[in-house]
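# here you go, sequence then predicted model.
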There are 2 protein chains.
Amino acid sequence: MSDVFKALADDTRRILLDQLFDQNGQTLRQLTQTLSMSRQAVSKHLKILEAANLITIHWQGREKLHFINPVPIAEIVHRWVGRFEEARLDMLVDLKTESETKEEKRNAL
Amino acid sequence: MSDVFKALADDTRRILLDQLFDQNGQTLRQLTQTLSMSRQAVSKHLKILEAANLITIHWQGREKLHFINPVPIAEIVHRWVGRFEEARLDMLVDLKTESETKEEKRNAL
DNA sequence: GTTATATGCAACCATATGGTTGCATGTCAA
DNA sequence: TTGACATGCAACCATATGGTTGCATATAAC
């Protein structure tokens, strides 16, 4: 869970996911081409994405194919979105009662 | 956008958001109490959350109150969830056609 | 079989990150 | 006004992170 957030925190790794959303199953070499960094750097990023279960690897001869694995993140992020959604609704109430006291405000959510 | 992901990547900061989901508008001192680290460390984390627009600050005398700001993240994360949802549906197709060729597989998503 | 291609592994490096401590400042309360 | 309390600021430190390069290995192509 922590791994997923950490994996998503890096710009390069989000770009890599973008790449795979665009065309799934690309090789390391392919994914490297659009980025301005070494193959090894990209490989490290992909390893982190794999460890976070955001992508899966399929070997085909000497080529390493990368596929998006959307299952685990969906639930996790959903949980967080859900909580922020609730908070958003409650915030509307918050705005309406701008003049309330500190104690009341503390208990608003 | 990048800031939001980076802010969420840290365990302590997610705990802090948890704290605020539990009781909104807590002071720095209050938020520090449950964590086993210095007030200054917590203050830094809160600064990062504020910079990412995930919380907002209200000063009340010498006390700094922290409130969750759910608006910006909701949209951003929604975008990502949406894409992963799409990918999840497509992956079902993927699984069904396990025996397809590499080229076909590359174009599956 | 030889050469080119796709990748892994390991050492190394600069900077970012998450924490600390010490001191300064502003506000509340006696 | 004096003291306690809530916070900020700055320097400092250890480790994590994101990148590099050089070399090794396995597969494909000629």
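Alright, I've got the coordinates. This structure is a prediction, so every number in the text was calculated from the model and none was measured.

# how about stretch A:26-35, does it reach DNA strand D?
No - judged by C-beta under 7 Å from any atom of the strand, stretch A:26-35 stays clear of DNA strand D, getting no closer than 8.2 Å. Glycine gets a C-beta too; all of them are placed from N, C-alpha and C.

# so how far is that stretch off the chain centroid?
How far stretch A:26-35 lies from its chain's middle: 19 Å, per C-alpha atoms, centre = their mean, to the nearest Å.

# name the residues of it that are buried.
By neighbour count on 16 or more other C-beta atoms under 10 Å in any protein chain shown, the buried set for stretch A:26-35 is A:26, A:27, A:28, A:31, A:32.

# got it, and stretch A:38-51?
So for stretch A:38-51, counting by 16+ other C-beta under 10 Å, buried means A:42, A:45, A:46, A:48, A:49.

# give me the distance between the closest residue to the last one other than its chain neighbours and residue B:4.
If I follow you right, that is residue A:49. Distances taken as C-beta to C-beta, 6 or more residues apart in numbering or on different chains put residue A:55 closest to residue A:49, at 4.7 Å, once the chain neighbours are dropped. Using C-beta to C-beta, to the nearest Å, residue A:55 is found at 21 Å from residue B:4.

# so for the two, which sits in the more crowded spot?
The neighbour count for residue A:55 versus residue B:4, taken as other C-beta atoms under 10 Å in any protein chain shown, is higher for residue A:55 (23 against 19).

# please report how far the more buried one lies from DNA strand C.
Here residue A:55 is placed at a distance of 12 Å from DNA strand C (C-beta to the nearest atom of the strand, to the nearest Å).

# hmm, back to that, out of the buried residues of stretch A:38-51, which one sits closest to residue B:18?
residue A:48 (24.5 Å; C-beta to C-beta).

# look up how far residue B:39 lies from that closest one.
Residue A:48 sits 32 Å away from residue B:39, going by C-beta to C-beta.

# next one: residue A:29
Counting by C-beta to C-beta, the gap from residue A:29 to residue B:39 is 49 Å.
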